[in-house]
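Visitor: This is a predicted model, with the sequence first.
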Amino acid sequence: MWSKEQIEKHRIACEILDKIKNEIFQFIRENKDKRITEYDVQQFIIKKFEEYDVENEIDVPIVGFNSNAAIPHYFPKKKSSRLKKDTLILIDIWAKLKKKDAPYSDITWMGYYGDVPEEVEKVFEVVIKARNSCLNFIKAELKNNKIPSGKEIDEIAKKVIIKNGYEKNIKHRTGHSIGTKSPHGEDKHVNSDNIDCLKNNLGYTIEPGVYLDGKFGVRSEINFYINSEMKLIVTTPMQKEIVGI
């Protein structure tokens, strides 16, 4: 479990990542006519990590345009897709303070250069509904003085996605615990194959996604923990609309 000091370090990391996220989309917006690549955006993020004095364990953030966003763990190389009109953008960044036992923050946001197509908007709304349904389920369980299991949370997200016709487009589990050496902690209690309950004062992600091979993918990722008073604390902003470029 995290100490009060670790929770504060996590909170600060979340604030920094949110600032970086905003600067990423502003960078894309300012350079959209220069046909920047996924790699260009990735390198901008790495520079921001240095500027804000945060670090991650592999130093290669996820930046995916259009069909590459349909690959959950896509890492662009120097030769990568260029930004053009009508491009969906997935940004997945994680980092922590350069301090002892500092936990990570881990977020994913979506943007779009151009007018958002109806299909993209539909999938985005399904993902957001799945995310929010997980949060509502956790809150309801906590009101009954019960901490849910990772399997239960995963099933809530999948139920929403499957109900909307995207069962074949689920490519990963709903979330994971957050560690200090890696954003994926040792206690992965939000995995669908783990029936254990979550722990108080330990951070987790909720990150449902829908991935259409060869077309695009959408993911929304937030961080949270359950405090000692059985209250759900969401530590990252929650995306409600696709960021316009």
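Guide: Received, thanks.
Visitor: Show me the longest strand that occurs in this structure.
Guide: strand 87-97 (DSSP state E).
Visitor: With just CA atoms, put it into PDB.
Guide: Extracted as PDB, the C-alpha positions of strand 87-97 are listed here (Å, rounded to 0.1, in the frame of the first residue of the first chain):
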ATOM      1  CA  THR A  87      -6.200  11.700 -38.400                       C
ATOM      2  CA  LEU A  88      -7.100  10.100 -35.100                       C
ATOM      3  CA  ILE A  89      -4.400  10.600 -32.400                       C
ATOM      4  CA  LEU A  90      -3.900   8.300 -29.400                       C
ATOM      5  CA  ILE A  91      -1.400   9.500 -26.700                       C
ATOM      6  CA  ASP A  92      -0.400   7.200 -23.900                       C
ATOM      7  CA  ILE A  93       2.100   8.600 -21.400                       C
ATOM      8  CA  TRP A  94       3.300   7.500 -18.000                       C
ATOM      9  CA  ALA A  95       6.000   8.900 -15.700                       C
ATOM     10  CA  LYS A  96       6.900   9.500 -12.100                       C
ATOM     11  CA  LEU A  97       8.900  11.900 -10.000                       C
END
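Visitor: chain center to that strand: distance?
Guide: The chain centroid and the centroid of strand 87-97 are separated by 7 Å under C-alpha atoms, centre = their mean, to the nearest Å.
Visitor: Quick one: mean pLDDT for it?
Guide: On average, the pLDDT along strand 87-97 is 98.
Visitor: how about the helix or strand following that strand as CSV, C-alpha atoms only?
Guide: Along the chain past strand 87-97, the next helix or strand (assigned with DSSP states H and E) turns out to be strand 105-113. Extracted as CSV, the C-alpha positions of strand 105-113 are listed here (Å, rounded to 0.1, in the frame of the first residue of the first chain):
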residue,chain,number,x,y,z
SER,A,105,0.9,8.2,-13.2
ASP,A,106,-0.4,6.7,-16.4
ILE,A,107,-2.9,8.3,-18.8
THR,A,108,-4.3,7.9,-22.3
TRP,A,109,-6.1,10.6,-24.2
MET,A,110,-7.5,10.9,-27.7
GLY,A,111,-7.4,13.7,-30.3
TYR,A,112,-8.5,14.3,-33.8
TYR,A,113,-7.2,16.4,-36.7
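Visitor: Right, I'll leave it there.
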